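Q: Pasting the sequence and the predicted coordinates here, then a few questions.
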There are 2 protein chains.
Amino acid sequence: MARRNRRARRTGNAIQQLEWRDLVNAYGPIKVLDDEQVQTIIDSALGILETNGMRFLEPGSRMRLVSAGADVDEETMMVRFDRSLVMEQLALAPSSFELRARNPDRQLQLGDSHLVFASVGGPAFVSDLDKGRRPGTYEEMCDYLRLVQSLNIIHQEGGGPFEAMDLPAETRHLDLYLAQYRLTDKNCQSYALGGVRARDSVEMACIALGVDRDALLEKAALLAIINTNSPMQLDIPMTEAVNELAAAGQVCCITPFTLAGSMSPATLAGTLVQQTAEVLAVVTYAQIVKPGARVMYGSFASNVDMRSGSPALGTPEYTKCALASGQIARKLGLPFRSSNTTMSNCNDAQAAYESQMSVWGSVMGGAHLVNHAAGWLEGGLTASFEKLIIDAEMLQMMAEYLRPIELSDDELALDAIAEVGPGGHHFGTAHTLQRYESAFYAPIISSRENFESWQEAGSKDAAVRANAIWKQLLKEYEQPPLDAAIDEALVDYVERRKQEIQK
Amino acid sequence: MARRNRRARRTGNAIQQLEWRDLVNAYGPIKVLDDEQVQTIIDSALGILETNGMRFLEPGSRMRLVSAGADVDEETMMVRFDRSLVMEQLALAPSSFELRARNPDRQLQLGDSHLVFASVGGPAFVSDLDKGRRPGTYEEMCDYLRLVQSLNIIHQEGGGPFEAMDLPAETRHLDLYLAQYRLTDKNCQSYALGGVRARDSVEMACIALGVDRDALLEKAALLAIINTNSPMQLDIPMTEAVNELAAAGQVCCITPFTLAGSMSPATLAGTLVQQTAEVLAVVTYAQIVKPGARVMYGSFASNVDMRSGSPALGTPEYTKCALASGQIARKLGLPFRSSNTTMSNCNDAQAAYESQMSVWGSVMGGAHLVNHAAGWLEGGLTASFEKLIIDAEMLQMMAEYLRPIELSDDELALDAIAEVGPGGHHFGTAHTLQRYESAFYAPIISSRENFESWQEAGSKDAAVRANAIWKQLLKEYEQPPLDAAIDEALVDYVERRKQEIQK
């Protein structure tokens, strides 16, 4: 991960963007709770697990939990956990880990001060300014993956940017995995809805990376989002995914979907308690499946709009919960996942300010993974081509914000200040000219034209400019080389599995 | 400043917004420098003042500075300051103060953990979606002031939202002051370009508030932005304003306009050094004019776009400089001013994300005053009616973010979590219903409609929705009562002064 030349050199008309780099957040996180309050939330969560418990729908998981010492009521499927059981299992979970990528220069660090930005995963729809919002096709999804590969600020692909509706639902994941490995060389998330899809992702990771399952146990290649069914329930497909991924040493990013006022209490404190209880229940389960299983504390705590009952995202409540969740995760010793969210239906000011409120809460909450960091629109129902570019710009700005101010003698510039003197101009000095190329952040889509020039050029807003950028990036896209034998083996696997599934 | 009912009750169709409140920032600021680095910048600034000095264009100011012990070169107009002189004078500056308002409930606290949002001040143009961007009229300016009065999240009027181009330049400030006192009951900034305008603002404050100059010395009524002419120069109009305002006990918010790479070195460290040197020179001068003068450390440090030479605002560099400037200001014991900035020419995603980068840097830099907090567009050349509303939304979100998470037993909601149980729903519980009205932030313009409803309602983006909101706010506007005798005295003053000036 070269950090010497911060900016990619221009090649011809290529879009100028920051170079790939491992982001490190050296600033202290924002604390919205004091230490005692963090402990109160954790203690309350442990109390909920002890007194009320969590429902595990998958019968095998309950058997495992009983064997490990949990108290299970088979009729209600409720599992109660002594706090000592939870704390013992939690202690087995590592606080950081690496993730392989097909390109060894693009491996990821999750934990400590590292920060990973993942592209949007899971929407039902796709949209762009030309064709509007619609169900997406596989070819469109591949274009989206090409852009994810092209944008250096995106460290990880998010497990499929949207559903390829022209492909059969039960085998679509195989086509996704094939596209991930062919079109990108970055780490890609697993689409872990159920054991079958999770297992296929592990098998294909072995083929694509040329490693066996033992190697994957040593160092993971996959991360999957494990959503609980809040409140206080884990369903069968998600349990199966935990079984597969934890056993294979892959990362389970455990994320309750708690909208305060509907899936959790209408208070932030209550929502944080419930979220923590749900994460701890699944963390405990994952450790029972495989001691030392790699898990993350995921937060998706926001609120409903109390007037309409609809979700509200990128809200001040979201920001506060992200910051508080980071504090809780650090106290528990788990890597922390948050997201970039908005409810906006188009790429307007709302989309940007809600995303900003989310990203600031995530980054300054010490998130190790910002999921859906680029491309999400419309409460997660749509992956937008323009939002992908706008988010990339905002993420690049955060990356530059995270680069500490340097204070060498040369940067302090006392000689330059003396040289220019009062009323002078720094534009032509040697000190300035030395820094001409790299002194400041150079944006992708932000306009600094004066009003008249901007108007003459067609009064293009950020979304219109983003539209031109993604089209140019697609033109400039170069598919990363993949060994022909590996490609063939992946295709063989996909074809075999399709036949098995469609039988 | 009532803090019991956070939200204004709806009256009829009135726009729902947060109630007026004194904002307190209880979160610790983000630190982008360590303590030693802060001291290095301050020491370097003192070194610049000692070795190179600052140019004071106004002859009287140089005389005062000589008498106080500074070293003045009359030929170059350069003033050099021993660091002991600067530190002695700096020690006289108060670290916090109050500002009167016509409505005693709307007095302001500047300093400590208080946070004041001021509306945009000074643009040459006005814009809205209906009539586009244009030179503004007095009547349009009055409408803008009515909106500033109506929006509770705006604590202070910013000294005239834009120039009233249909009025003569030399007396326009008198019409502005009259409108400020008639149309708002909030604290309003002085338009302090030159001694005459500053003196008129003090005289009219005395009339409007029914106090004499002795009372104003005790507790200020006015704040003015004092811009240095970076690099390292203070011009005659600004010096005159300092003379008038400091002598009258009013607040000088000393703000260098340093765009790194043009008015300051092309490094953030150098820009912070120069900014600090300029602020300290004027702080020292203000204390010499009036020991104990109320001054603020203002930062407007950003950078130029190195490709075009045009200003770049709301950049990651801006954010870092705001955070660093807050650290420097706290170390110097001065209240800190920052701003909400963007280069965008329209109310698009860029306008929002650049404003967010600015506001996050300001608020988490511990700013006591966020200047231009609402309405600024186009690098400060335009006051936008729609941006005023969009910014008000973003500021309200920041205000809600600053409200700490409560952790009472009722908020922890353990009973509600137990009551709802796994797979249930919190929407109808007693715990939720109790909080129905006030649990979460209710936005002004943010849409939470689903895509289909939003599309049916005309696919309105945030700017279009903001357009409807400011029009409705103007309809609902109620002019705050002003004693008839005071009104008459203000009118008399304005007429007399116009005759004197136009003679």
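A: That came through fine.

Q: What's the nearest residue in the stretch 1-150 of chain A when you look at chain B?
A: A:Arg55 (3.6 Å; Cβ to the nearest Cβ). No exception for glycine: its C-beta is placed from N, CA and C like everyone else's.

Q: Contacts only, for A:Val363.
A: Neighbour list for A:Val363: A:25, A:115, A:370, A:398, A:402 [criterion: Cβ atoms under 8 Å, 6 or more residues apart in numbering or on different chains].

Q: Find the nearest non-adjacent residue to the residue of the stretch 1-150 of chain A closest to chain B, please.
A: Distances taken as Cβ to Cβ, 6 or more residues apart in numbering or on different chains place B:Pro422 nearest to A:Arg55, at 3.6 Å, with adjacent residues excluded.

Q: cool, A:Gly194 as well?
A: A:Pro237 (4.0 Å).

Q: tell me which residues of the host helix or strand of that neighbour are tucked away?
A: Counting by DSSP states H and E, the element that carries A:Pro237 is helix A:236-247. Across helix A:236-247, burial judged by 16 or more other Cβ atoms under 10 Å in any protein chain shown covers A:237-247.

Q: Just give the number of residues close to A:Glu139.
A: For A:Glu139, the neighbour count with other Cβ atoms under 10 Å in any protein chain shown is 11.

Q: Which helix or strand contains it?
A: Element membership for A:Glu139 (DSSP H and E) is helix A:138-150.

Q: So what's the model's average confidence on whichever helix or strand comes after that helix?
A: The helix or strand immediately downstream of helix A:138-150 is strand A:156-157, counting by DSSP H and E. Strand A:156-157 shows an average pLDDT of 98 in the prediction.

Q: what about the next helix-or-strand element following strand A:156-157, distance to the chain center?
A: Using DSSP H and E, the next helix or strand after strand A:156-157 towards the C-terminus is helix A:172-183. Offset of helix A:172-183 from its chain centre (Cα atoms, centre = their mean, to the nearest Å): 18 Å.

Q: before we move on, what about stretch A:201-220?
A: 21 Å.

Q: contacts for it?
A: A:97-100, A:102, A:173-174, A:177-178, A:181, A:190-192, A:221-222, A:224, A:244-245, A:248-251, A:294, A:482-483, A:486, A:489-490, A:493-494.

Q: Which of those residues fall in helices?
A: A:173-174, A:177-178, A:181, A:244-245, A:486, A:489-490, A:493-494 (DSSP state H).

Q: A:Ser84 versus the residue nearest to A:Met87 when sequence neighbours are not counted, what's the distance?
A: With Cβ to Cβ, 6+ apart as the criterion, A:Met87 has its nearest non-adjacent residue at 7.9 Å, and that residue is A:Leu46. Using Cβ to Cβ, to the nearest Å, A:Leu46 is found at 10 Å from A:Ser84.

Q: who's more crowded, the two?
A: Ranked by neighbour count (other Cβ under 10 Å), A:Leu46 and A:Ser84 place A:Leu46 first, with 20 against 11.

Q: ok, the residue in the stretch 351-500 of chain A that chain B sits nearest to - how many residues close by?
A: Nearest to chain B, among the residues of the stretch 351-500 of chain A, is A:Ala413, at 2.9 Å (Cβ to the nearest Cβ). Counted by other Cβ under 10 Å, the residues lying close to A:Ala413 total 30.

Q: And the residue lying closest to it once chain neighbours are set aside, its phi and psi?
A: If the residues on either side of it in the chain are set aside, A:Ala413 comes closest to B:Gly270, at 2.9 Å by Cβ to Cβ, 6+ apart. When quoted as degrees, to the nearest 10, the phi and psi of B:Gly270 stand at phi -60, psi -40.

Q: was I right about B:Gly270 contacting A:Asp410?
A: No - using Cβ atoms under 8 Å, B:Gly270 is not in contact with A:Asp410, being 9.0 Å away.

Q: Give the residues shared as contacts by the two.
A: A:His431.

Q: Tell me which of the two has more neighbours.
A: Ranked by neighbour count (other Cβ under 10 Å), B:Gly270 and A:Asp410 place B:Gly270 first, with 27 against 17.

Q: which ones are touching the more buried one?
A: A:411-414, A:416-417, A:431, B:260, B:264.

Q: same question, A:Val32
A: Contacts of A:Val32 by Cβ under 8 Å, 6+ apart are A:320, A:323-324, A:327, B:27, B:404-405.

Q: Quick one, which of these are buried?
A: Neighbour counting with 16+ other Cβ under 10 Å marks A:320, A:323-324, A:327, B:27, B:405 as buried within the contacts of A:Val32.

Q: Can you tell me which of those residues is nearest A:Arg133?
A: A:Lys320 (30.7 Å; Cβ to Cβ).
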